[in-house]
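1. Structure here, sequence nowhere to be found:
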C-alpha cells in the first residue's frame, strides 16, 4: 500500500485509461473508502499550475458533485483522492434498464439533481466544460451520461457529476480550446472545432449537454446521433462509451451528426413526445401530457443559438420540473441531504 497522508492507496484497480488509473483508497482517519485517480504527469509540467487547478476542484462541496478530498504528487504522478461512488455511471444504468430507458419520474428526479449541481457551479461562475486543466489532459469531461455517477446502486439514485477534467472557472468568458465528445458538443462547440479562431462559452454548453442527457434518459437514444435521417434514433446500446456510433463509417456519421447539431434537427421519434396542438383539451393521458412538457424543456435546452438557449435557472423553473417540484424537493431533502454531511 502507498501512504498519502491520511489515505492509503491499495493495489485494487477500479478502472484504467491511457493516462490514468483509479485505485481503491482507504481513509484511515475518516474510516471510509475513497478512490484515487493516479495520473501520469506530462514532461515539463508546471506543478504550481496543477495544484492551482486542483484547488478549484477541492473547494466544490455539493451532494451532486463528486468530491475531491486531497491532491498529492511526485515527479512522475499526480494523485487525486475522490469520493467513492459504487453505483456505476448513468450511461450503464440507462442501457441496462429493462426498457433501455428510464421512466418519467426517475428521469425527472435525476434531472433535478443535475440541474441543482449545475446551478451550484454556475452560481460560482464555473462550468463543467471549458479548457482542459493541465493534469487532466486525457479527459473528455463534458457531462454526458458516462460522466454522471451513481453514488450507490438502486432505483432513483443520487447522482454526482464527475471527472472535472474540463471544469472551467470564469465560465462567462469565451474559450478557444474545444474538447469533448462530438455527440455532446453544442453547435457553437462544433463551429469552434471546425474554425479554430472561434470560441464558445461554457455555461450554455452545460445546458446543451443537460438537454442531451435528458433526451437519453427518456428515450434511450440520442437526439442527433443516429444512423440516417430516415431512421429512428440509435439506441444507446449501439454506441460505445465515447458516445460514437459503432460503425465502419464513423467519420461520415460524425459529419452527419455535426450537421444535425448545427441545424438543430432533434429526432423526436418516440411516442412519449406525441402532442396534437388542435386537440389539447381532449388529451387526458398523463404520459402524453408529461411527454409534451418534457419536450418543451428538451427543445429549450437544445436551442442552437447559445444566447437563446435555456439557462439552468430557467430549466429549474420549467413546467416539467415545477409540476412536481414539491415532491422532488421533498425527496431531495429526505434522500440526499440526509446523506450529505
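-> Alright, I've got the coordinates. Just so we're clear, the structure is a prediction, and the values are computed from it rather than from any experiment.

2. what about the stretch 101-250 of the chain, any weak spots by pLDDT?
-> 128-144, 164-181, 196-201, 227-250 (pLDDT under 70).

3. again, 90 this time
-> Within the stretch 101-250 of the chain, the stretches with pLDDT under 90 are 124-147, 162-206, 221-222, 224-250.

4. And the strands in it, which stretches?
-> Here the stretch 101-250 of the chain has its strands, by DSSP state E, counting those that start in this stretch, at 126-127, 148-150, 159-161, 168-169, 174-175, 200-201.

5. I'd like to know how far residue 8 sits from residue 222.
-> Residue 8 sits 41 Å away from residue 222, going by C-beta to C-beta, to the nearest Å. Heads up, the C-betas are built off the backbone N, CA and C, glycines and all.

6. Of those two, give the one with the bigger neighbour count.
-> residue 222 (24 against 16; other C-beta atoms under 10 Å).

7. May I ask you to confirm that that one is in contact with residue 212?
-> Yes. Between residue 222 and residue 212 there is a contact under C-beta atoms under 8 Å: 7.0 Å.

8. Find residues that contact each of those two.
-> By C-beta atoms under 8 Å, 6 or more residues apart in numbering, residue 222 and residue 212 have these common neighbours: residue 183.

9. can you pull out the helices in the stretch 1-150 of the chain?
-> Applying DSSP state H, counting those that start in this stretch to the stretch 1-150 of the chain gives helices spanning 47-58, 90-95, 104-123.

10. what about those, which gets the closest to residue 257?
-> helix 90-95 (17.3 Å; C-beta to C-beta).

11. thinking again about what came up before, with distance to residue 162 and mean neighbour count added, can I get the helices of the stretch 1-150 of the chain in TSV?
-> What follows is these, written out as TSV (distance: least, C-beta to C-beta, whole Å; neighbours: other C-beta atoms under 10 Å):
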stretch	distance to residue 162	mean neighbour count
helix 47-58	11	15
helix 90-95	10	20
helix 104-123	10	21
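
12. And those helices: which comes nearest residue 150?
-> So among those, helix 90-95 is nearest, using C-beta to C-beta, at 6.0 Å.

13. Mark out where each domain of the chain begins and ends.
-> 2-83, 90-337 (automatic domain parsing).

14. From residue 219, how far off is the nearest residue to residue 316 once chain neighbours are set aside?
-> Residue nearest to residue 316 in three dimensions, not counting chain neighbours: residue 115, with 5.1 Å by C-beta to C-beta, 6 or more residues apart in numbering. With distances taken as C-beta to C-beta, residue 115 is found 19 Å from residue 219.

15. Residue 41 is in contact with residue 78, isn't it?
-> Yes. Under the criterion of C-beta under 8 Å, residue 41 makes contact with residue 78 at 5.6 Å.

16. returning to that earlier point: point out the most buried one among the domains of the chain.
-> domain 90-337 (a mean of 18; mean count of other C-beta atoms under 10 Å).

17. how far does that domain stretch from start to finish?
-> Start-to-end span of domain 90-337 (C-alpha to C-alpha, to the nearest Å) is 20 Å.

18. And for stretch 50-68?
-> 14 Å.

19. Off-centre distance for it?
-> 16 Å (C-alpha atoms, centre = their mean, to the nearest Å).

20. Stretch 17-27 too?
-> That offset, for stretch 17-27, works out to 20 Å (C-alpha atoms, centre = their mean).

21. mean confidence for it?
-> Average pLDDT, stretch 17-27: 86.
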